[in-house]
Structure formats: structure tokens, C-alpha cells
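**Q** I'd like to go over a predicted model; first the sequence, then the structure.
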Amino acid sequence: MNTKILFLPAFLAMATFSFAATAYINQIGYHPANFKELTLFEGGGNVEFVDASGNTVLTVTPSEASTWNGSGQSVQLVDFTELKTPGTYSIKVNGQVVRKDLKIANDALDGVSKALLKFFYYQRASMALDETYAGKWKRSAGHPDMGVAFHSSATGGSGTLDSPKGWYDAGDYGKYIVNSGISTYTLLSLYEHFPAYFDNLKWNIPADGNLPDLLAEIKYNLDWMLTMQASDGGVYHKLTTLQFCGTVMPNEDVDTRYVIGKSTTATLDFAGVMAVAARVYEKFDATFAAKALEAAKKAYVWAESNPSTYYNQPRDVATGTYSDNNAKDEKNFAAAELFVTTKDASYALQGAYTTIPGWAEMNGLVTYTKATHPDLFSDAAAAKDSLLSAADRYAKNAATGFGVPMTKGDFYWGSNSVAANMGVWLLYAYYLSGDKKYYQSALKTLDYLLGKNPMDMSYVTGFGSKSPMHPHHRPSQADGVSEPVPGMLVGGPQPGGEDIGKNEWECKDYRVNGAPAKSYLDDECSYASNEVAINWNSPAAYLAGAIQAINSGHVPSFAAEGVIALPKTRPVLNTNDGAPKVRFDTHRVFIERNGIRYDLKGNRLGAAGRVE
Ligand code: 9MR
Ligand code: 9MR
């Protein structure tokens, strides 16, 4: 009899076992001083954090559950910011260990932030990647792009064009000006905001004179972009083969490449990027800066007389289109950047918009530029207001559900870049307001990309307990190395299913009904969810790079100049050596000792910074 009575509870305990909770975390790690959050699915009780010696060092009661329309899951958020001692921890939910890979370290993001930038080196056309820099992903040079033929759509082109260098766009080997535009701008802005930080940061790429690595990498693409400008000032749309090549290495793709189309959007994107380049490279190479500025002005003049020369894909061409029949935002972008560089009032256009930037949506970048230059733009305050009101929405979304700014409508082709761009947007909101809630939401967005998502994986190749192994990326598919090129952010989940079909290169249906954020497939077939691209890596590189710079005590250049007051973030000190340290944060000065904060009178402070 007794055995039977005992049997039931034991059986129930086992049943609970099979419904173990899932804790979604940033799999790369958290900086000790930062806000930290995980997302809990099928949780219930308290969450314990257990150190390497088996001691529970923190217990947190999860937030109330709420449903996220990205995945349809009812989830809880767990704020474990108080866990500050570097180390590797296990996470226990309802007394069971659900994962063992939680890392807290000062240098947690060092590797991934550099890898996101090094991706651009791996994308370089026209040169061999030496083992010294590329390791096992070394490869021969491909696509010299010398003496390239003009397609009939490239109006005004005659003879051939030498158009070497530049970055491959994505998993394919095309070079497209429109997409180069936003990608290059995003990286330039990272340097422009944190010059002191990036002057000294290196990630093992070939040197280019005295340029810091970030500017050396960007220059490789600017050099190519400059070749794409015709003598009349207009800029050719792209340089690709007529059809996508097969799954081969760059040197094996020997199909004829053409300069194709000439468009207003490409020309204006080019103008804006060259205008930024002119001011960023000035202190290193005045000749190059002057050349970039001349090119920018000339392009702008061409676009003024050709305001609606949109790109139409010729019948015999099947590579990426990047076509967009609205060039107003590109014009705003070019004008704003030319104005910042030249201060010439004829470039001062009105209007600011609250839109996440994308290759076809440059107004988001205009919003950034205007909001961060109140000394130059009369509508800077309006730009700042609209930037902050969008950021408020993102922060509000991130406060519940999965703890991310995105909602179901944000899951379209390249959804991970939507997330990354929202993270960047939130950082701008932080720069402009000093309000930590935006910084925390930006961190939540980076966490999403690095594992705090319903696929329970880091979306950056080579980083995390689980990460993409089969991206749609020709070199990774064809090089015979089992690991993909590292540091690549895949496009991410989305329910469009453009790559699903019956052909042998197409995917079987991988979509999950009602869960756009789970509609992802780690397979080479999936160019709609698992391709990589320069315009997706660049905002991720900005997000991780700027967070790293902030964590090392840097403030954006415009804030440092006193144009915008950003409370200084101080470098993180080791506060676990028993010695009291004076520290600062947004609101106050406090003393920290062994990870515990005290006010100046010696009262212990709680999580919210108040006396306990
Ligand atoms: O590799 C191409 C990728 O870069 C594009 O994003 C995608 C959509 O345009 O197309 C891929 O190429 C495929 C082509 O469209 C059809 N044949 C198979 C190619 C490789 O999957
Ligand atoms: O990123 C582009 C996405 O917004 C479009 O919906 C998609 C289809 O036109 O194309 C994407 O860009 C691809 C480009 O056309 C060719 N190189 C690969 C790019 C990423 O998939």
C-alpha cells in the first residue's frame, strides 16, 4: 500500500522533468556592469544562478508572463543585473538545471564585436585572403573586375571599366551600390561616433598606411564605389554577372561580369556616403577626402537633373535588384550629409522621419544626422522628438513579451537587421537623452541576436553554444571547411518563404504558423532566412561595437563636444578585490565594494539604486 502512495508523487516529479523550462540567454556573455536579462518559457518558480562551486549566488522571481506575437509563446522576463561577478554560471528553474553556459565577463563581447567587423574582410573581392589573416578560411583571389563590360542599361558607358575591390554583397558575388551605401555609412558612423576607441582597435586585417583597421576596411569598399561613378556624375547601379553563379569559390566564378544600370538611388546613396567619407578621412588623407567630396557633389548635381531614373532590371539580368521607385529619402540622405560636411545652406532640406533605416529607407539615417547636429539643422529638435518617440515604442515592446523591441510585423527578409537597426536606434536615443532605459533596450536587442530568441541560438556564425552552420554564403558552402566563415549575422526568421519550392536547390516548408520568429532554417537552401549580407552585419557591428566603446568609457563624439549632454559612463573597475571604489552612473556617485553598492553615507543600495 505504502509503495503505491509513494509512487504517485514520484511519477509527477518525473512528469515535470520532461516539461523542463527553457531559459533563452545571450550565449556569448554579459558585461558585469550592464543590465542583464533572460527570457523564460514554461518556467513558473524562481530562477537560481549557480556559480562554478555549486553555490546559488542569486535567486530571481520572474516577471508576470505575457505573450509575444513574434513567436506566440507566453514568456517571463528575468532581470539578473545583480549578478556581477565574472564567471560561468548554471541556471536552475524549479530546482532543475536548465543550462550551464551563462557567462559574465568584462571581455565577453570582445571576440564577437571584432568578428562582426572582420566579416567585411572575408567579403573582399579581387584579392586573395592569406592564411595570416583568414586562417583556415584562406582563399585565392577572385573577380579582378578589370576591363568590365558595360551592359546596355549602363547609359553613357563605353569601352570597359576597371572596377576592382569592394565587398561582395552577401552570399552571392555581386557588388551593388545601393546596398554598399547604407552598409558603408553605418560603419563610417561607428568610427565617427567613437574615433578614439576605433583608432586603437585591431582585428588582424592587412594594414593600409596609417589608417585604423575600421577605416582601412571601409576604404577597401570606398575605392570600389568611386570607380562606379560615370564622367557625368551619375553612378552605375551594380556590378554582377547576368545570372547568379553556382556554389563555387570566388576564383571559380568566371562568368562575365557587367556594369549594370545607372540610377538616382545609387547616385544619391553614393553622394551621401562620399560626403561622410570626406570628413572622416580628412585627418588621415586629405587628398582622398577631397576626392570623395568632389565625387559626392558631382553625384548630387547629376541626381538633381535626373530625379527619377529608377533602376529597372533588364530582361537578361537575374541578380539582385535593389530597385526602389522613390528616391526622396535618398535625396534627404545625400543632402543632409553634404550639409554636415560643407555647411553649404543649399543642402539644408527640411523634414525628419521616424523610420528604421534599411537599404530602401534612408530617412532613418537622416533622422540620426539631424538629431545629432542641433548646431546645424533648424529641425534637429523635431528629428530628436521623433527619434525618441519611436525609441519609446521599442523600449515599451522590450519591457514585456520576449524582451525585444520587435513585434510580428518586423519579421521580413533580413529580420535580424531590423533588430540590429532597432538596437542602433535605441543607442541614438540613449546618446540624445542619457536615459538608461534606451541603453538597456539596446542591450536586450543584442541579446536577441546572440541567443535570447525562440530559436535558442546565436545568429552570428562561430559564436554561441548553438549558431548557424549552413549559411547561404558561397565561400562557406564551397571551401571544404566545415565551419562557416565566422562573424556573419544571418538574415533571420521570417515567414515569406521566398526560398521554398520543388526545385532541388529550394527548401521544404520550414515556416511555423503564427510564429514568424521561428520561421527559420539553418540550411544552405534558405536564402530568405539564412543568407548573410553586408547591410545586416553593419548594424550588428555598430550595435556591438558601440556597446563595447561605451563599456570602455567612451562617449559619442558629438556628446563629448558638448553639443548633447550624455552622462559619462565610466570604465568598469574590478570591484571584487575587497577595496571600496568610487563609481558613477547616470544619476549619482556611489561606492562599490565586492560588487555591492553603497551611497556616500555608507547605506547599502538596492537594484534600483535606492537605500535598502
Ligand atoms: O544566391 C542567391 C542569393 O544571393 C539571392 O538572395 C537569392 C534571391 O535572389 O537568389 C540566390 O540564388 C538562387 C537563384 O535565385 C535561383 N537559383 C539558385 C540560386 C542559389 O540558391
Ligand atoms: O535584402 C534584400 C531584401 O530586402 C529583398 O527583399 C530581397 C529580394 O529582392 O533581396 C535582398 O537582397 C539580396 C540581393 O538582392 C542580392 N544579394 C543578396 C541579398 C540578401 O539576400
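**A** All right, it came through fine. Residues are numbered from 1 along each chain as shown. Ligands and ions are numbered 1, 2, ... in the order given.

**Q** mind listing what the nearest residue to residue 477 once chain neighbours are set aside touches?
**A** Among residues not flanking residue 477 along the chain, residue 247 sits closest, at 4.9 Å (CB to CB, 6 or more residues apart in numbering). Quick note: C-beta positions are derived from backbone N, CA and C, even for glycine. The neighbours of residue 247, taking CB atoms under 8 Å, 6 or more residues apart in numbering as the test, are 474, 477-478, 524.

**Q** Please apply the same query to residue 525.
**A** For residue 525, the contact set (CB under 8 Å, 6+ apart) comprises 472, 499, 505-507.

**Q** what's the answer for residue 335, then?
**A** Residue 335 makes contact with 300, 347-349, according to CB under 8 Å, 6+ apart.

**Q** Would you check which pair of those residues lies furthest apart?
**A** Farthest pair in these (CB to CB) is 300 and 348. Separation: 13.2 Å.

**Q** Of the two, which one has the most company?
**A** residue 300 (24 against 15; other CB atoms under 10 Å).

**Q** Now do residue 110 against residue 223, distance only.
**A** Applying CB to CB, to the nearest Å, one obtains 29 Å for the distance of residue 110 from residue 223.

**Q** so what's the residue of the stretch 101-250 of the chain found nearest ligand 2 bridging to?
**A** Scanning the stretch 101-250 of the chain for the residue nearest ligand 2 gives residue 170, at 3.4 Å (criterion: CB to the nearest ligand atom). Residue 170 has the following beta-bridge partners by DSSP bridges: residue 533.

**Q** Touching, it and residue 528? I think so.
**A** No - contact criterion CB atoms under 8 Å: residue 170 and residue 528 do not qualify, at 12.0 Å.

**Q** Now for the closest residue to ligand 1 within the stretch 351-500 of the chain, how many residues are close by?
**A** Here the stretch 351-500 of the chain gets closest to ligand 1 at one residue, residue 472, 6.2 Å apart by CB to the nearest ligand atom. Residue 472 has 25 neighbouring residues, counting by other CB under 10 Å.

**Q** repeat for residue 552
**A** The number of residues packed near residue 552 is 16, by other CB under 10 Å.

**Q** Repeat that for residue 152.
**A** Neighbours of residue 152 under the rule other CB under 10 Å: 10.

**Q** And for residue 100?
**A** Neighbours of residue 100 under the rule other CB under 10 Å: 12.

**Q** can you start the count at 859 instead of 1 from here on
**A** Sure thing, new numbering starts at 859, so read that last one as residue 958.

**Q** wait, is it part of a strand?
**A** Yes - counting by DSSP: H, G, I helix; E, B strand; the rest coil, residue 958 is part of a strand.

**Q** Look up how far ligand 1 lies from the residue of the chain found nearest ligand 2.
**A** Closest residue of the chain to ligand 2, CB to the nearest ligand atom: residue 1178 (2.3 Å). Distance of residue 1178 to ligand 1, computed by CB to the nearest ligand atom, to the nearest Å: 6 Å.

**Q** go on, residue 939?
**A** 40 Å.

**Q** helix/strand/coil for that residue?
**A** Strictly by three-state DSSP, residue 939 counts as coil.

**Q** repeat for the one 3 residues further on
**A** Per three-state DSSP, the local secondary structure of residue 942 is coil.

**Q** Surely it touches residue 916?
**A** No - between residue 942 and residue 916 there is no contact under CB under 8 Å: 9.5 Å.

**Q** Between these two, point out the one with more neighbours.
**A** Comparing residue 942 with residue 916 by other CB under 10 Å, the one with more neighbours is residue 942, at 23 against 16.

**Q** so what's the backbone phi/psi at that one?
**A** phi -120, psi -10 (degrees, to the nearest 10).

**Q** repeat for the one 4 residues further on
**A** The phi/psi pair for residue 946 (degrees, to the nearest 10) reads phi -110, psi 130.

**Q** List the contacts of the closest residue to it other than its chain neighbours.
**A** Excluding the flanking residues, the one nearest residue 946 by CB to CB, 6+ apart is residue 961, at 5.4 Å. Residue 961 makes contact with 886-888, 945-947, according to CB under 8 Å, 6+ apart.

**Q** From those, list just the buried residues.
**A** 886-888, 947 (16 or more other CB atoms under 10 Å).

**Q** Now intersect those with the strands, please.
**A** Mapping those onto strands (DSSP state E) picks out residue 947.

**Q** In contact with residue 1343, which residues are there?
**A** Neighbour list for residue 1343: 977, 980, 995, 1319-1320, 1331, 1333-1334 [criterion: CB under 8 Å, 6+ apart].

**Q** Check residue 1062 too.
**A** Contacts of residue 1062 (CB under 8 Å, 6+ apart): 976, 990-991.

**Q** how close does it get to ligand 1?
**A** Separation of residue 1062 from ligand 1 (CB to the nearest ligand atom): 27 Å.

**Q** try residue 1182
**A** Counting by CB to the nearest ligand atom, the gap from residue 1182 to ligand 1 is 16 Å.

**Q** again with residue 1036
**A** Applying CB to the nearest ligand atom to residue 1036 and ligand 1 gives a distance of 14 Å.

**Q** Now do the same for that residue: its pLDDT.
**A** On pLDDT, residue 1036 comes in at 99.

**Q** do residue 1351 as well
**A** On pLDDT, residue 1351 comes in at 99.

**Q** Likewise for residue 1217?
**A** At residue 1217, the predicted lDDT confidence score is 98.

**Q** Backbone dihedrals for the nearest residue to residue 1191 once chain neighbours are set aside, please?
**A** Of all residues not flanking residue 1191 in the chain, residue 1220 sits nearest, at 3.9 Å (CB to CB, 6+ apart). The phi/psi pair for residue 1220 (degrees, to the nearest 10) reads phi -90, psi -10.
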